[in-house]
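Sequence and predicted structure are below.
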Amino acid sequence: MSILPRPAPALKPLRGVRVLSLALNLPGPAALMRLRAMGATCMKAEPPGPKGAPAGTPGDPMGQYNATAYATLGGGIKVVTMDLKSDQGQAALHKALARTDVLLTSFRPSALDKLQLGWKGLHKRYPGLSVVAIVGAPGARAEEPGHDLTYLADAGLVTGLDLPATLFADMGGALMASEAVLKAVLAQKTEGKGSFQEVALSEAAAWLALPRTWGLTQPSGAVGGAHAGYRVYPCKDGRVAVAALEPHFAAALCAAARVPVTDARTLFKPDTHAAIAAFLKGQTRKQLEQLSVERDIPLHTLA
């Protein structure tokens, strides 16, 4: 009887780190979900549910308009209700902050000041506490209203009338926020004191937009449609996303489509686009999936 090796234990770099989140909606909870996966002990404080709502209605708007997302984001995380506008809520918050390593917020700076949660005051009261503040835009623009869609539009990532396929700025901001927590914990260990870091969703969108600003994903760019081996084509019973960008992948695709290749410029010629499109249009999804395996061509079929 063979003995299978045990799977390596998951890396938990934040084991023992206590994170308190006041962040609602998507970016903060998504960051908290990642922090928990890295071993942090996570608690989320929500305001009371809306007036007149049934008992147990979450105070986080996400819980009101998408129960599945809310449950997934909050899995394994302790959720408590705190009315930060009340003396009782403030007392509960500061009791929690006294044993917290990192505070995660998503309020505008003016709202944090009204709640007496500005960085200077917190740092004086809790020198070891770090704060990661998620805002819409950086610095002086942090008070501006905005959302994922407006940040993507500003970054040039809304190219038509269709909405983007996912919430790129929010999820990118969540990644940046979890990265900021890691930086804060490292700084705490080396410098022995807390730090303040601001994460702007607009900057997350700008980061994601860099390939477009470089021209890579513009219509004239290699991964923007100009290269015949990197496109989405119709096939006989659906669509196929082809990513044959490297020369050996492109050569395999052209060989399958019987397109002669003279040099790298071949893949940018209209005739090559037309020939590959005609070939793929005549193939079923099953045939293309088999072709992918046989010819080592990176592709993925879609309904």
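Received the coordinates, thanks.

now the most centrally placed residue in the chain: how far from residue 69?
The centroid of the chain falls nearest to residue 171 when counting by C-alpha atoms, centre = their mean (2.3 Å). Distance of residue 171 to residue 69, given as C-beta to C-beta, to the nearest Å: 12 Å. C-betas here are computed from N, CA, C, even on glycine.

between the two, what contacts are shared?
Shared contacts of residue 171 and residue 69, defined by C-beta atoms under 8 Å, 6 or more residues apart in numbering, comprise residue 26.

which is the next helix or strand following the helix ranked longest in the chain?
Identified as the longest helix of the chain according to DSSP state H is helix 168-191. Remark: after helix 168-191, the chain's next helix or strand is strand 196-200, criterion DSSP states H and E.

partners of that following strand, with directions?
The pairing partners recorded for strand 196-200 under DSSP bridges are strand 130-135 (parallel).

taking the mean pLDDT, what do you get for the partner strand?
The average pLDDT for strand 130-135 rounds to 98.

distance between it and the chain's centre?
The chain centre lies 16 Å from the centre of strand 130-135; the measure is C-alpha atoms, centre = their mean, to the nearest Å.

and for that strand, what are the contacting residues?
23, 27-28, 31, 101-109, 112, 119, 122, 142, 173, 177, 180-181, 184-185, 187-188, 194-201.

where do the helices sit along this protein?
So, for the chain - with DSSP H - the helices run 27-37, 61-65, 67-73, 87-97, 109-114, 119-125, 148-154, 168-191, 201-208, 210-213, 247-257, 270-281, 285-295.

Give the buried residues for the shortest one.
By neighbour count on 16 or more other C-beta atoms under 10 Å, the buried set for helix 210-213 is residue 212.

Could you list every helix and strand in contact with that helix?
Contact here means 3 or more C-beta pairs under 8 Å, 6 or more residues apart in numbering; DSSP states H and E; on that basis helix 210-213 packs against no helix or strand.

Mark out where each domain of this structure begins and ends.
18-211, 222-302 (automatic domain parsing).

hmm, who's touching the longest helix of the chain?
When contacts are defined by C-beta under 8 Å, 6+ apart, helix 168-191 is touched by residues 13-14, 17, 19, 25-28, 30-31, 33-35, 38, 40, 101-102, 104, 128, 130, 132, 134, 148, 151-152, 155, 157, 193-195, 197, 199-205, 207-208.

With stretch 195-211 instead?
So stretch 195-211 is in contact with 27, 119, 123, 130-139, 141-142, 146, 148, 151-152, 154-157, 168-170, 172-173, 175-177, 180, 183-184, 187-188, 217, 223, going by C-beta under 8 Å, 6+ apart.

re earlier: got a quick ChimeraX command for the buried subset of the contacts of strand 130-135?
Burial among these is assessed by 16+ other C-beta under 10 Å; the matching ChimeraX selection reads:
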select :23,27,28,31,101,102,103,104,105,106,107,108,109,112,119,122,142,173,177,180,181,184,185,188,194,195,196,197,198,199,200,201
